[in-house]
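> Turn this into a model:
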Amino acid sequence: MEIRSGKATIGDIELEYEDWGNINNPPMVLIMGLSAQMLLWPDGFCEQLVQQGYRVVRFDNRDIGLSTKIKSRGPHMKQWLLMARAQIGLRSEVPYTLHDMAKDTLGLMDHLGIQRAHIVGASMGGMIAQIIAGRFPERVSSLGIIFSSTNQPLLPPPAPSALLPLMKGPGKGATDEQRLAHSMKLTKGISSPGYPIPDSEREAFVRRLFQRSYYPAGVKRQMMAVLGTGNLRPYTKRISAPTVVIHGTDDLLVRPACGKAVASAVKGSTLELIPGMAHDLPKPLWPRLVKSLYQNSLRAGALVSAA
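Numbering: from 1, shown residues only. This next block holds a predicted model:
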């Protein structure tokens, strides 16, 4: 299977990307979430999408993985205040917002010569995808939103057990093994209880991520982007592309009510709640997810070419 990789220059940043499959097949752009490198779109999942007939693009968002790390130190509002304002749907001044990250994605598409694509976003990536589909409908053939949210006021917050490891980090002066242990705890806290994986497999993958890149400052800025962007519902309500919303019933980080809010805002969307699924993409669910995305893309009519 052909995999092309490189860096796309978009303004002052570079995005590390991989471009899988036949370049003439309908493009599907995958946008990953907060603190998540593009490898969180599993290799086997991408392979199944390619086998389904797509050209699949995955990439590292700014401030994560091998993409540009933002040097700006301000503005920095207290995190508790950001969270309080976000809970009632208010915007806040932050180093960058999800709108900037949406423009990053469109810049990558331009770099690859992709005018329109099937857009799939997970978690924060699903928020970015909502902005793209709401503001730039001409760039979106179909839309897949996986365990995400509209960030509208008064949605249920994450469970502390899932949120606190993400916010606190391993602590200053932590050793590599302590950082690894923290990452293991974080991934376990959001993993699907209905589809457990062996600790050995989890550790091997976490080590792969850790060796590729470790940059907690970027995670904090991405968190600020999520909290500072405010209510997405005004953009979500504008979405006209065929949309499927997928959410796990056991998600403690982004509650199922958040996925229901996305589906409620997008006219004609399909909501798929998956028992036993939380905030990850377990291997046994890959065929089901691929099928859901494929069936949704068919609602767009003729599949769109890459040019």
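
> how many other residues sit next to residue 48?
For residue 48, the tally of surrounding residues (other CB atoms under 10 Å) stands at 19. (C-beta placed from N, C-alpha, C; glycine too.)

> CA atoms only for the lowest-mean-pLDDT helix or strand in the chain, dumped as CSV, please.
Least confident helix or strand, the chain: helix 160-168 with a mean of 78, by mean pLDDT, DSSP states H and E. Below are the C-alpha coordinates for helix 160-168, written out as CSV (Å, rounded to 0.1, in the frame of the first residue of the first chain):
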residue,chain,number,x,y,z
PRO,A,160,-12.8,13.8,36.9
SER,A,161,-11.2,10.4,36.5
ALA,A,162,-10.9,11.1,32.7
LEU,A,163,-10.1,14.8,32.8
LEU,A,164,-7.6,15.2,35.7
PRO,A,165,-4.8,13.1,34.2
LEU,A,166,-5.0,15.1,31.0
MET,A,167,-4.9,18.4,32.8
LYS,A,168,-2.3,17.7,35.5
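
> Give me the buried positions along it.
Neighbour-count burial for helix 160-168, counted by 16 or more other CB atoms under 10 Å, picks out 162, 163, 165, 166.

> Where does residue 7 sit: helix, strand or coil?
With DSSP: H, G, I helix; E, B strand; the rest coil as the basis, residue 7 sits in strand.

> For the residue nearest to it when sequence neighbours are not counted, give the beta-bridge partners.
Using CB to CB, 6 or more residues apart in numbering and skipping residues adjacent in sequence, the residue nearest residue 7 is residue 14, 4.4 Å away. Residue 14 forms beta bridges with residue 9, as assigned by DSSP bridges.

> Quick check: residue 14 touching residue 69?
No - using CB atoms under 8 Å, residue 14 is not in contact with residue 69, being 10.3 Å away.

> State whether residue 57 is indeed within a helix.
No - counting by three-state DSSP, residue 57 falls outside a helix, being strand.

> Name all residues that make contact with it.
Applying CB atoms under 8 Å, 6 or more residues apart in numbering to residue 57 gives the contacts 17-20, 27-30, 108-109, 112, 114, 117.

> and stretch 137-148, what's its mean pLDDT?
For stretch 137-148, the mean pLDDT works out to 98.

> what do you get for stretch 44-52?
In this model, stretch 44-52 has a mean pLDDT of 98.

> Centre of the chain to that stretch, how far?
Taking the mean of its C-alpha atoms, stretch 44-52 sits 18 Å from the chain's own mean (CA atoms, centre = their mean, to the nearest Å).

> Name the surrounding residues that touch that stretch.
Stretch 44-52 has contacts (CB under 8 Å, 6+ apart) with 1, 20-22, 25, 28, 30, 56, 58, 281, 283, 286-287, 289-290, 293-294.

> Return a selection command, for use in ChimeraX, containing the buried ones of those.
The ChimeraX selection below is limited to those of these classed as buried (16+ other CB under 10 Å):
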select :20,21,25,28,30,56,58,281,286,289,290,293,294
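
> Before I go, just wanted to say thanks for your time.
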